[in-house]
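Visitor: Sharing a model prediction with you, sequence too.
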Amino acid sequence: MLTVRGTPISLQHPDSLYIDGEWRAATGERKLDVIDAATEEVFLQIGETSTQDMDAAIAAARRAFDHSPWPFLEPKERAEYLRKFAAGMRARAEQLATFWSREVGATYRMAVPSMSRVPALFDYYADLAETYEWEKRDQPEFSAFGVVVSEPVGVVGAIVAWNTPLSLAAYKIAPALLAGCTIVLKAPPESPGELYLLAEIADEIGLPKGVFNVVNGHRGVSEQLVRDPRVDKVAFTGSSPVGRQIASAAGERLARFTLELGGKSAAVVLDDYDLGTAAAAIAQQECSISGQVCMSLTRVIVSKHRHDEMAAALGAAFGAKRVGDPFDPETDLGPVAMAKQQQSVLNHIEAGKREGATLVAGGGVPSHFERGYFIEPTVFANVDNASTIAQEEIFGPVLSVIPAENEEHAIQLANETQYGLNNAVFTDDVERAWYATRRFRSGTAGNNGFKTDTRMGFGGFKQSGVGREGGIQGLAPYLETKTILLDGVPKRFQ
């Protein structure tokens, strides 16, 4: 039992894995250390998943799908479990937030309200049980009766990134369970706490055996999960290089897959918009989880005659953010999640300097911290859109200001990237906003800030992913449609 700012956190079964409706001792050869991002101290150890453990989890999910009533329950019956999940998460909101802050560096004052949005997602999908058209009757040409039914895709292997594990898992678990799928969830070893709490909730609410299984581990067991022929669909959130490997492996056996991958999103600031207002909005958003957000607006594109003013405004706004302990209510920006992530960000900062960008603010590790994976809020100006810091996903608090010749050139620059996850245009002219957003090659396009609405779905173009999560669009990947043609009309439809 640990206490952080008065919030007790513990796991009931840190040495075990949740498989087939029970906690089983992990049989891996070692313990996995979970590090506090602000102190660099091990605050939790969990048992590592072995290949035998992963095999058992997949087998449990397969049995539950093939031999239990779960896939054939009415959607409203499965929806009741989603509502119980939501209630369990609300009861543990502070514990969930504490794990997130310690593991990843999210500020606690942001983490607690953020946790309220995850159970709301489960409630949203529970509501869809009543409104989604699961059976669509039609009049066939050569039969007396025809209907297209939506059925679960099968066993789902879900793999999530370490930055926001609970929310990323929720976008997979909630629609998959509603659809009638069974799940093997592979928790990230760097930040497993929230997902272990989710497994505890599943245990408490009496979810049927094998329907939801939680394991952990690194690349070996992830690849095992992706390649196993008993797994019908893979749902992955993480980097684009890993996503390509998963797509290739799934394609070899024609398994279904959805991929939510990286981004290098642009904020295009048009000439009618106030630069100070834009800078404040962009800097505030980039504080979220210390920039460890795939949809972050990290490329700021502005007309070259306003470039210097934009860079100065961003440097002042972002540089003024307070870096510190994520549990301090005055902190704006906590640490990044781990040592290797801190080094990766620092390497990108050095690349920016080396390739000729102008450092406006930040650029290193805050001098007053002896421990913790902290990075100064950093702004570069005069950034070439083809440079490393403009093209590679940094996943840290680093902004690049890029000059453009005009509005058309700005949109062109926004699209000149392998990614296509999110973009935004800053303008008070809604017609110009409509024009720009329709021309962005990205899955989400917003106006005057970082905007997303998960009930409308999100995902990416190009190497930012395949498929969508959230909303009705996020339910479809967990369903297969079946056309049924009969010589009579079943009682269900009479």
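Guide: Arrived safely, thanks for sending. Numbers count the residues shown, from 1 in each chain.
Visitor: from here on, contacts and neighbour counts on C-alpha atoms
Guide: Fine.
Visitor: and the residue nearest to the spatial centre of the chain, what element?
Guide: In the chain, the residue lying closest to the centroid (C-alpha atoms, centre = their mean) is Leu168, at 3.8 Å. Using DSSP states H and E, Leu168 sits in helix 165-179.
Visitor: What would that helix look like as PDB? C-alpha coordinates only.
Guide: Taking only C-alpha atoms (Å, rounded to 0.1, in the frame of the first residue of the first chain), the coordinates of helix 165-179 have been written out as PDB:
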ATOM      1  CA  PRO A 165      -3.500   3.200 -21.300                       C
ATOM      2  CA  LEU A 166      -6.900   3.300 -19.700                       C
ATOM      3  CA  SER A 167      -8.600   5.500 -22.400                       C
ATOM      4  CA  LEU A 168      -6.900   3.700 -25.200                       C
ATOM      5  CA  ALA A 169      -8.000   0.400 -23.900                       C
ATOM      6  CA  ALA A 170     -11.600   1.700 -23.300                       C
ATOM      7  CA  TYR A 171     -12.000   2.600 -27.000                       C
ATOM      8  CA  LYS A 172     -11.400  -1.100 -27.700                       C
ATOM      9  CA  ILE A 173     -12.900  -2.900 -24.800                       C
ATOM     10  CA  ALA A 174     -16.300  -1.100 -24.600                       C
ATOM     11  CA  PRO A 175     -17.300  -1.600 -28.300                       C
ATOM     12  CA  ALA A 176     -15.800  -5.100 -28.400                       C
ATOM     13  CA  LEU A 177     -17.800  -6.200 -25.300                       C
ATOM     14  CA  LEU A 178     -21.000  -4.600 -26.600                       C
ATOM     15  CA  ALA A 179     -20.500  -6.400 -29.900                       C
END
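Visitor: pLDDT of it, averaged?
Guide: Helix 165-179 carries an average pLDDT of 98.
Visitor: And stretch 135-154, by the same measure?
Guide: 94.
Visitor: which residues sit against it?
Guide: Here stretch 135-154 makes contact (C-alpha atoms under 8 Å, 6 or more residues apart in numbering) with 65, 71, 134, 176, 179-182, 231-233, 477-489.
Visitor: Name only those of those that count as buried.
Guide: Buried by 16 or more other C-alpha atoms under 10 Å: 65, 71, 134, 176, 179-182, 231-233, 477-479, 485, out of these.
Visitor: ok, which stretches of the stretch 351-494 of the chain are helices?
Guide: Ranges of helices in the stretch 351-494 of the chain, per DSSP state H, counting those that start in this stretch, are 388-391, 407-415, 430-439, 471-475.
Visitor: out of those helices, which comes closest to Ala281?
Guide: helix 430-439 (16.8 Å; C-alpha to C-alpha).
Visitor: how far off helix 407-415 does that closest one point, in degrees?
Guide: 40 degrees (axes from the mean of the first three to the mean of the last three C-alpha atoms, to 10 degrees).
Visitor: Mind listing residues that contact helix 430-439?
Guide: Ile411, Asn423, Ala424, Val425, Phe426, Thr427, Ala445, Gly446, Asn447.
Visitor: mean confidence score for the host helix or strand of Ala316?
Guide: For Ala316, the element it lies in under DSSP H and E is helix 307-319. Average pLDDT, helix 307-319: 97.
Visitor: helices or strands up against that helix?
Guide: Where contact means 3 or more C-alpha pairs under 8 Å, 6 or more residues apart in numbering; DSSP states H and E, helix 307-319 is packed against helix 275-286, strand 358-361, strand 378-381, strand 398-404.
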